[in-house]
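1. When you get a sec, could you give me coordinates for this:
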Amino acid sequence: MNAEVSPQLLVNIFVPRTPLHDGAVVISGNKIAAAACVLPLADDKDIAKELGTRHRAAIGISKESDSIVVVVSEETGKISVAKDGTLIADVREDVLKKILISNIVTKRFAVEKKERANKIKSIKQKLKKEKEEANKNDKEN
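-> Model prediction:
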């Protein structure tokens, strides 16, 4: 899809009895990468019997990837979050925001900060090398 994430688009995707309703939405790099995705189901014997396919898929994909999965119960509207194969059920909105901020926003800034530091280090090394070459040329002349 490669579409900008927006509340309106997400609501539209999940309108019941529409082509994209069934399945997951994959968001990557602040874009909706795909919709109507079928995810691998967790088949652990210790998963509660009352959890349906949607929740089992959330657990399954969170086990197999570094994703954080937000799942909304179609029956109750309750929100759960799956990460590293663990499901946190019935999450309040404020808790969901904290989870997403700490796992997505904070980590993204840490990666960007590390990338900037690496670029600065690379530039410093390049400047040092150029200075050494200039000094070497000055001595030769």
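2. quick one, strands of the chain?
-> With DSSP state E as the criterion, the chain has strands at 3-4, 24-28, 31-37, 68-72, 79-83, 86-88.
3. looking at those, which is buried most?
-> Most buried of the strands of the chain, by mean neighbour count (mean count of other Cβ atoms under 10 Å): strand 79-83, with a mean of 20. The way it works is simple: take the backbone N, C-alpha and C, and place the C-beta from them, glycine included.
4. thinking again about what came up before, make CSV out of the strands of the chain and add distance to residue 129.
-> Listed next are the strands of the chain as CSV, based on distance: least, Cβ to Cβ, whole Å:
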stretch, distance to residue 129
strand 3-4, 42
strand 24-28, 37
strand 31-37, 38
strand 68-72, 42
strand 79-83, 44
strand 86-88, 48
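5. Going by residue numbers, what spans are helices in this structure?
-> 7-13, 53-64, 93-100, 106-140 (DSSP state H).
6. Among the ones you listed, show the one with the smallest mean pLDDT.
-> Here the lowest mean pLDDT among the helices of the chain goes to helix 106-140, at a mean of 79.
7. Run the angle between that one and helix 93-100 for me.
-> 30 degrees (axes from the mean of the first three to the mean of the last three Cα atoms, to 10 degrees).
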